[in-house]
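**Q** my questions are about this predicted structure, shown below with the sequence.
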Amino acid sequence: MFLVFATVMSYLMITSFISQSSTLDKKVAQKRQLEQELTQLKKQQQMLKEDIVKLNDDEYLAKLARKEYFFSENGEIIFNIPEENKGKNNQ
């Protein structure tokens, strides 16, 4: 009787250990993934903070407006050069 009880208990303990090991492995993998995601989000946050600082600078805003929206200063002439030529040079 004791042998059967010991065998059943051993089986239950081994099954429980394997189940817990599997769960632990999944949690460790999830933790690694979340840490990588956190690192990326921190980098993105830093870039956004730098953008906020830049957007508070009037000179930067003027330069951005000229570049993105083709605004010009008095006496400036804007030439739009197609970007497809740049791609062909890189190949």
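**A** Nice, thanks for sending it over. Residues are numbered from 1 along each chain as shown.
**Q** residue nearest the centroid of the protein?
**A** When CA atoms, centre = their mean is applied to the chain, the residue found nearest the centroid is Gln40 (3.4 Å).
**Q** sec struct for it, please.
**A** Three-state assignment for Gln40 (DSSP: H, G, I helix; E, B strand; the rest coil): helix.
**Q** quick one: pLDDT of it?
**A** Here, the pLDDT recorded for Gln40 equals 98.
**Q** tell me which element the residue nearest to Leu55 when sequence neighbours are not counted is part of?
**A** Using CB to CB, 6 or more residues apart in numbering and skipping residues adjacent in sequence, the residue nearest Leu55 is Leu61, 6.5 Å away. Every residue, glycine included, has its C-beta placed from N, CA and C. Element membership for Leu61, per DSSP states H and E: helix 58-69.
**Q** with Thr7 instead?
**A** helix 2-55.
**Q** chain center to that helix: distance?
**A** Taking CA atoms, centre = their mean, to the nearest Å, one finds the center of helix 2-55 at 18 Å from the center of the full chain.
**Q** number the chain from 30, please
**A** New numbering, starting at 30: the last item is helix 31-84.
**Q** quick one, it and helix 87-98 angle?
**A** For helix 31-84 against helix 87-98, the angle by axes from the mean of the first three to the mean of the last three CA atoms, to 10 degrees is 100 degrees.
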